[in-house]
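Asks: 3D model of this:
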Amino acid sequence: MEINLKPFLIIILLLAISCKEQAGNPAQSHSMETKGVTYAKGFSIEQSSSGITLLKVNSPWPDADRELVYALVPRELLPTVSLDGYAYDAIIPVPVKSMVATSTTHIPALESLGVADKMVGFPDTRYISSPYTRKRVEGGQITDIGRNEAINTEITLALQPELVFGFSINGENQTYQTLKQSGIPTVYVGDWTENTPLGKAEWIRFFAPFFGKEALALDEFSRIEKAYQQAKELAMQATDNPTAISGALYKDIWYLPAGESWAAKFLADAGAEYLWKDVPGTGSLSLSVEAVLEKGRNADIWVSPSQYTSYAELAQGSRHYEQFRSFKDKKVYTFARSKGPTGGMLYYELAPTKPHEVLLDLIAIFHPELLPERELYFFKPLE
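Replies: Numbering: from 1, shown residues only. Model (predicted):
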């Protein structure tokens, strides 16, 4: 008797495919719960009861055309969970034991979580200002791996980190691809693309699942959020709104924050009237000095005049600067005077995780009557 095995083979094949997909995607075989992210727009977190976490980065760089998905799997589950057949951007055993960071903005978050000791490499270590991490650099526990645009692949491979916390302006970094081919994944951190102070600060929660520090990250962010909101409420007690300009010339072009940018949000929350607040955009505006003079000549306060630290430098940079009332009245404030022991800008490293300190500085500058005893943390008057 001849038996037609074709239907049975089809059923077996379908079952095999189904099992492969189920095993291949932890999200299909584990009930995933979305962890609410309040202010940050660039990432989301999903977590299962077994501890598997999916981190999705939808803004790793400006105008990214797809989201990146990272599967974080507890080490003890790796032998029992098959991850073949699903296109994650990286599958990472957690907690992570060693890693490379590539931006000074990563360092305060890692230190707050108590995991900065896992960092074994960093590009351009001279820009690091944190006393704790600086000590590890000087003690040889963190290796300088070159420049971020051209990380030394050989040195990085020799360190054998389990992952690299990277960033990119366009997603085209050949070094990261080389490392990936050698088994070292890059996790793109898009904190710098956020447009609000609390949005940037909330990225501490992005780092936490790599180290099993979710509860600590939530506590740390809640503390930052509370301090920022209290400062914002203080600013609302002001009875006036001084006008403000920002930026400076670079090769005949004046670069200043657009109206929807991170810097503009700080000024608004500090109770200042930023003169370009209504200009759309989240990055920088590029204007002529004539356009800035026309609108900002009589502004009360000038903040963040590029790299300048003194009125003499400013006058030498361009005679146009002397036409501004804020220059004449000595009302120009810069964060370029606040540097670490090796020349790194404290603002670049710390401001994203200390937005309340930035805001308190600005409130003290624009409304000194509200904070008469404030010792400025980041911003200093020009010398």
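
Asks: beta partners of V100?
Replies: When bridges are called by DSSP bridges, V100 pairs up with G121, V164.

Asks: Need the per-residue pLDDT for it.
Replies: V100 is assigned a predicted lDDT (pLDDT) of 97.

Asks: Equivalent analysis for I17, please.
Replies: Looking at I17, its pLDDT reads 32.

Asks: and if you look at the one 4 residues further on?
Replies: Model confidence at E21, expressed as pLDDT, equals 34.

Asks: Quick one: residues contacting the closest residue to P257 other than its chain neighbours.
Replies: Counting by C-beta to C-beta, 6 or more residues apart in numbering, P257 lies nearest to A263, which is 3.9 Å off, once chain neighbours are set aside. For glycine as for every other residue, the C-beta is placed from the backbone atoms N, C-alpha and C. Neighbour list for A263: S246, P257, S304 [criterion: C-beta atoms under 8 Å, 6 or more residues apart in numbering].

Asks: hmm, try it at 10 Å
Replies: The contact partners of A263, by C-beta atoms under 10 Å, 6 or more residues apart in numbering, come to N195, P197, S246, G247, L256, P257, Y274, S284, V303, S304, A351, V358.

Asks: okay, now E375: neighbour count?
Replies: Applying other C-beta atoms under 10 Å, we find 7 residues neighbouring E375.

Asks: low-scoring pLDDT stretches of this structure, where are they?
Replies: 1-32, 82-86 (pLDDT under 70).

Asks: and with 50 instead?
Replies: 1-24, 27-29 (pLDDT under 50).

Asks: hang on, the earlier thing: tell me how far the residue nearest to P257 lies from G146.
Replies: As for A263, its distance to G146 is 30 Å (criterion: C-beta to C-beta, to the nearest Å).

Asks: Repeat that for D278.
Replies: Distance from D278 to G146, by C-beta to C-beta: 42 Å.

Asks: residue ranges for the strands of the stretch 251-383 of the chain, please.
Replies: 253-257, 273-274, 284-287, 301-303, 332-334, 380-381 (DSSP state E, counting those that start in this stretch).

Asks: To clarify, my last question referred to the stretch 1-150 of the chain.
Replies: Counting by DSSP E, counting those that start in this stretch, the strands of the stretch 1-150 of the chain are 32-35, 43-48, 53-57, 68-74, 90-94, 99-101, 119-122, 143-144, 146-147, 150-151.

Asks: D278 and G146: who's more crowded?
Replies: Ranked by neighbour count (other C-beta under 10 Å), D278 and G146 place G146 first, with 18 against 9.

Asks: so that one touches V100, yeah?
Replies: No - contact criterion C-beta atoms under 10 Å: G146 and V100 do not qualify, at 11.2 Å.

Asks: anything in contact with each of those two?
Replies: G121, F122, P123, T156.

Asks: Which helix or which strand is home to the last one?
Replies: Okay, so that is T156. helix 153-159 (DSSP states H and E).

Asks: so how far is H367 from the residue lying closest to P242 once chain neighbours are set aside?
Replies: Nearest residue to P242, sequence neighbours excluded (C-beta to C-beta, 6+ apart): D300, at 3.9 Å. Look at D300 and H367: by C-beta to C-beta, they are 11 Å apart.

Asks: any common contacting residues for the two?
Replies: Common contact partners of D300 and H367 (C-beta under 10 Å, 6+ apart): D240, N241, P242, A272.

Asks: Can you report how many residues neighbour E349?
Replies: Residues contacting E349 under the criterion other C-beta under 10 Å number 22.

Asks: Spit out the contact partners of it.
Replies: With contact taken as C-beta under 10 Å, 6+ apart, E349 is in contact with S103, T104, T105, H106, I107, P108, Y127, I128, S129, S130, T133, G340.

Asks: Please repeat the previous calculation with a cut-off of 8 Å.
Replies: E349 neighbours (C-beta under 8 Å, 6+ apart): T104, T105, I107, P108, Y127, I128, S129, S130, G340.

Asks: what about the first one, how many neighbours?
Replies: This means T104. Counted with other C-beta under 10 Å, T104 comes out at 23.

Asks: Which residue is the nearest non-sequential neighbour of it?
Replies: Once flanking residues are discounted, T104 sits nearest to E349: 4.0 Å by C-beta to C-beta, 6+ apart.

Asks: And that neighbour, how far from H106?
Replies: From E349 to H106 the distance is 9 Å (C-beta to C-beta).

Asks: go on, K295?
Replies: 37 Å.

Asks: So for the two, which sits in the more crowded spot?
Replies: H106 (25 against 14).

Asks: quick check: longest helix of this structure.
Replies: Ranked by residue count, the top helix of the chain under DSSP state H comes out as helix 214-235.

Asks: and K200, what element?
Replies: K200 belongs to helix 197-201, assigned by DSSP H and E.

Asks: now that helix, how far from the centre of its chain.
Replies: Here the centre of helix 197-201 is set off from its chain's centre by 8 Å, with C-alpha atoms, centre = their mean, to the nearest Å.

Asks: Mind exporting the C-alpha coordinates of that helix to PDB?
Replies: This file holds the C-alpha atoms of helix 197-201, laid out as PDB (Å, rounded to 0.1, in the frame of the first residue of the first chain):
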ATOM      1  CA  PRO A 197      17.100  68.700  29.100                       C
ATOM      2  CA  LEU A 198      15.200  65.900  30.900                       C
ATOM      3  CA  GLY A 199      15.100  63.900  27.600                       C
ATOM      4  CA  LYS A 200      18.900  63.800  27.600                       C
ATOM      5  CA  ALA A 201      19.100  63.000  31.300                       C
END
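
Asks: List the contacts of G344.
Replies: Counted by C-beta under 8 Å, 6+ apart, G344 has contacts T104, R126, Y127, I128, S129.

Asks: Would you mind confirming that T334 makes contact with L376?
Replies: No - T334 is beyond contact range of L376, at 10.6 Å (criterion: C-beta atoms under 8 Å).
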